[in-house]
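1. next one to model:
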Amino acid sequence: MAEKNFEQAMNRLEEIVQQMEQEELTLEQSLQMFEEGMKHAKLCYEKLNHAEEKLKKLVKKEDGFQLELI
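-> Numbers count the residues shown, from 1 in each chain. Here you go, the predicted model:
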């Protein structure tokens, strides 16, 4: 699977879900679709985590440190 951006991976996940809901796939096809879907889900999770980390900022407060979204 070539590196996709978040939106491409989400779109493909939606396509996979629609195909699997149609129940017209063999067991083998369903397993292949599930595996592909899990790869896209992992990519989305990683991209979201990366974006969240870029938005976090450690701020020193009087009583310690606090994470703040910027």
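2. return the helix or strand in the chain with minimum mean pLDDT.
-> When the helices and strands of the chain are scored by mean pLDDT, DSSP states H and E, strand 56-61 comes last with a mean of 68.
3. downstream neighbour of that strand in the secondary structure list?
-> Sequence-wise, the next helix or strand downstream of strand 56-61 (DSSP states H and E) is strand 64-69.
4. what packs against that next one?
-> strand 56-61 (3 or more Cβ pairs under 8 Å, 6 or more residues apart in numbering; DSSP states H and E). Yep, even glycine has a C-beta here, placed from its N, CA and C like the rest.
5. I'd like the average pLDDT over stretch 21-31.
-> Average pLDDT, stretch 21-31: 89.
6. so how far is that stretch from its chain's centroid?
-> 22 Å (Cα atoms, centre = their mean, to the nearest Å).
7. now the end-to-end length of it.
-> The stretch stretch 21-31 measures 13 Å between its terminal residues, going by Cα to Cα, to the nearest Å.
8. how about the most far-flung residue of the chain relative to its centre, what does it touch?
-> Here the chain reaches farthest from its C-alpha mean at Glu62, the gap being 36.5 Å by Cα atoms, centre = their mean. If you count contacts by Cβ atoms under 8 Å, 6 or more residues apart in numbering, Glu62 has none.
9. next one: phi and psi at it?
-> In this entry, Glu62 is assigned phi and psi values of phi -60, psi -40 (degrees, to the nearest 10).
10. tell me where this structure is predicted with low confidence.
-> Filtered on pLDDT under 70, the chain yields the residue ranges 1-2, 57-60, 69-70.
11. any idea which residue sits dead centre in it?
-> Closest-to-mean residue, the chain, Cα atoms, centre = their mean: Cys44 / 1.8 Å.
12. just checking, it touches Glu7?
-> No. Between Cys44 and Glu7 there is no contact under Cβ atoms under 8 Å: 9.5 Å.
13. how much space between Met38 and Lys61?
-> As judged by Cβ to Cβ, to the nearest Å, Met38 and Lys61 stand 40 Å apart.
14. residues contacting the residue lying closest to the residue nearest to the centre of the chain once chain neighbours are set aside?
-> Of all residues not flanking Cys44 in the chain, Ala9 sits nearest, at 5.0 Å (Cβ to Cβ, 6 or more residues apart in numbering). Ala9 makes contacts with 40, 43-44, 47, as judged by Cβ under 8 Å, 6+ apart.
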